[in-house]
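1. coordinates only, sequence not included:
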Ligand SMILES: C[S@@+](CC[C@H](N)C(=O)[O-])C[C@H]1O[C@@H](n2cnc3c(N)ncnc32)[C@H](O)[C@@H]1O
């Protein structure tokens, strides 16, 4: 008799987030390991902006070659590898999910520390970095921002992509489990309370969608994952989660806010 959970039963938010950010991260790494090195970055960007949005952030962060670059909630490491390739920075990654950390190490050879809201980083040590698509998945958002503020050097710049609700009150569509989308006003007030000043801001949907070669790679990985794990309830849970997110974005209920911050 199968002991797998019944996929028709609802899972709690921890199970859903583990499926999406831990199990599927590892499965993705297995698939992506078989691709050409140049295809790994598009395959390893999960939830972040398009290359246009990532370039916008990098331009405003003004990185210097060889500078250490902190990526908090880095997932499987695609955006950090993109930053390294485009600007020569040296990424250090954190993510609470062990599968994501292992995936980032094996796919991109990047140092990845398993850590959530408490960062194993000295106060004031980080000069540069970002956190993309993470805040809405965090339990205590003010504590997460306060921790980022703690590790920033007084002259640091730090980028965020935050998925924001387009209006206060209930969303008109179901949100992915465990996600809580602040409005832009609520986000700005949280940043202010965390002593983080906004230098620049924009919206991810002002940039072109993923270019065709990125779409091709993403499609290939998606089909291979479906082939290998399509019957697994964890795959279907993760798919339902990302489907809900896609629907919210498509309906304009949620939008990606890009921010460049400095500590005050
Ligand atoms: C939507 S994914 C984004 C991954 C990556 N930043 C990207 O854009 O490709 C959200 C990530 O945040 C991580 N995460 C969840 N809670 C976190 C926390 N408290 N601190 C840091 N990362 C967290 C998840 O494990 C997951 O890898």
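-> Great, that's in hand. A quick note: this is a predicted structure, and the numbers were derived from the prediction, not measured.
2. How about the lowest-mean-pLDDT helix or strand in the chain, which residues are buried there?
-> Every helix and strand of the chain was ranked by mean pLDDT, DSSP states H and E. The lowest is helix 13-18, at a mean of 80. For helix 13-18, burial by neighbour count (16 or more other CB atoms under 10 Å) applies to 15, 16, 17, 18. Placement of C-beta: from N, CA and C, glycine included.
3. same for it, what does it pack against?
-> Contacting helix 13-18 under the criterion 3 or more CB pairs under 8 Å, 6 or more residues apart in numbering; DSSP states H and E are the following elements: helix 233-250.
4. Give me the mean pLDDT for the helix it packs on.
-> Mean pLDDT, helix 233-250: 95.
5. my read: residue 218 touches residue 43, true?
-> Yes: taking contact to mean CB atoms under 8 Å, the distance of 6.7 Å between residue 218 and residue 43 places them in contact.
6. Excluding chain neighbours, give the residue nearest to the residue of the stretch 151-264 of the chain found nearest the ligand in space.
-> With distances taken as CB to the nearest ligand atom, the stretch 151-264 of the chain approaches the ligand most closely at residue 161, which sits 7.1 Å away. Distance criterion CB to CB, 6 or more residues apart in numbering; nearest residue to residue 161, sequence neighbours excluded, is residue 132 at 4.4 Å.
7. Quick check: chain neighbours aside, which residue is closest to residue 134?
-> In space, and not counting its chain neighbours, residue 134 is closest to residue 73: 3.2 Å by CB to CB, 6+ apart.
8. same deal with residue 155?
-> Residue 155 sits nearest to residue 127 (CB to CB, 6+ apart), 6.9 Å away.
9. right, and the secondary structure at the one you found would be what?
-> Taken by DSSP: H, G, I helix; E, B strand; the rest coil, the conformation at residue 127 corresponds to strand.
10. Kindly report the same for residue 180.
-> Local secondary structure at residue 180 is given as coil here, using three-state DSSP.
11. That one is in contact with residue 141, isn't it?
-> Yes: using CB under 8 Å, residue 180 makes contact with residue 141 at a distance of 7.2 Å.
12. Have a look at those two and say which one is more surrounded.
-> residue 141 (20 against 13; other CB atoms under 10 Å).
13. Show the pLDDT at that one.
-> Looking at residue 141 specifically, the model assigns a pLDDT of 98.
14. where exactly do the strands run in this protein?
-> Under the criterion DSSP state E, strands of the chain are mapped to 68-72, 90-95, 112-114, 126-132, 152-165, 196-203, 254-263.
15. among those, which is nearest residue 213?
-> Of all these, it is strand 126-132 that lies closest to residue 213, at 20.6 Å by CB to CB.
16. quick check, the closest one touching the ligand?
-> Yes: for strand 126-132 and the ligand, the contact criterion (CB under 6 Å from any ligand atom) is met by residue 132.
17. Residues contacting that strand, please?
-> Surrounding strand 126-132, the residues in contact under the criterion CB atoms under 8 Å, 6 or more residues apart in numbering are 47-49, 57, 61, 63, 67-73, 79, 83, 89, 148, 151-153, 155-161.
18. From those residues, list the buried ones, please.
-> When neighbours are counted using 16+ other CB under 10 Å, these contain these buried positions: 47-49, 57, 61, 63, 67, 69-73, 79, 83, 89, 148, 151-152, 156-161.
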